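Novice: coordinates for the following, if possible.
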Amino acid sequence: MTDQELAELIALGHETRGVEFKGPGRSSNRQVMAVVVRAVLGMANRRDGGRVIIGIEDNAAILTPVGLSAAELTTWRFDDVAARLSEYADPGVEFALEVKEYNGKKYVILHIEEFTEIPVLCKRDYPEVQRSGACYVRSRRKPETSEIPTQTDMRE
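Specialist: Got it, this is the predicted structure:
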């Protein structure tokens with residue numbers, strides 16, 4: 001992703017079917033990771049995959065690019081993230097991790113590949129965030145990650 005692409009996505013002020021924003025935090029924080037994993041699962045089950053951008057707060061539908069602190073950023077290493085994703089995704093998720101700077105702040109971008117053989121399912125519960133056995137997708141109704149809401153979304 002280029003600096004210009006990141007700037008354009010942030011400037012939109014809202015998510016799209018292929019882009020989901022998540023707030024800052026350490027990847028070692030189970031709550032933060034559960035929310036990111038749900039987004040990753042939804043992108044993995046989307047044709048052409050998608051991106052999860054970490055470091056953007058969403059308060060009442062107002063997106064604020066706050067970035068990640070230096071301490072938070074050090075926890076977002078590819079191997080650590082891959083290990084945490086493998087705890088929740090079945091089969092595994094193919095992704096790339098990139099760190100970008102925008103207006104002097106650092107962000108982590110997870111580039112998620114679409115599944116290759118079968119849909120990616122959640123294999124671990126996290127209360128009020130994700131359910132074991134669920135298939136998460138990016139809804140056609142609005143840009144959010146949810147369990148498959150309709151037969152149309154399942155076919156896609």
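
Novice: C-alpha from now on. contacts and neighbour counts both.
Specialist: Will do.

Novice: for Val37, which non-adjacent residue is spatially closest?
Specialist: Using Cα to Cα, 6 or more residues apart in numbering and skipping residues adjacent in sequence, the residue nearest Val37 is Leu85, 6.4 Å away.

Novice: and the one you found, that's in a helix?
Specialist: Yes - read with DSSP: H, G, I helix; E, B strand; the rest coil, Leu85 is one of the residues of a helix.

Novice: so where is the protein shaky, pLDDT-wise?
Specialist: Along the chain, the parts satisfying pLDDT under 70 run over 149-151, 153-156.

Novice: quick one, helices of it?
Specialist: Applying DSSP state H to the chain gives helices spanning 3-12, 30-44, 70-73, 78-88, 151-155.

Novice: got CSV for the ones you listed, with mean neighbour count and distance to Arg138 too?
Specialist: Below are the helices of the chain laid out as CSV (neighbours: other Cα atoms under 10 Å; distance: least, Cα to Cα, whole Å):
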stretch, mean neighbour count, distance to Arg138
helix 3-12, 12, 17
helix 30-44, 24, 5
helix 70-73, 14, 26
helix 78-88, 16, 18
helix 151-155, 11, 8
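
Novice: which one of these lies closest to Phe115?
Specialist: Across the helices of the chain, the minimum distance to Phe115, taken as Cα to Cα, is reached by helix 30-44, at 5.5 Å.

Novice: tell me which other helices or strands the closest one touches.
Specialist: For helix 30-44, the elements it packs on are strand 19-22, strand 50-54, helix 78-88, strand 105-112, strand 136-138, strand 145-147, judged by 3 or more Cα pairs under 8 Å, 6 or more residues apart in numbering; DSSP states H and E.

Novice: how many residues are close by the nearest residue to Lys105 once chain neighbours are set aside?
Specialist: Counting by Cα to Cα, 6+ apart, the nearest residue to Lys105 once its immediate chain neighbours are dropped is Gly67, at 5.0 Å. Close neighbours of Gly67, defined as other Cα atoms under 10 Å, add up to 25.
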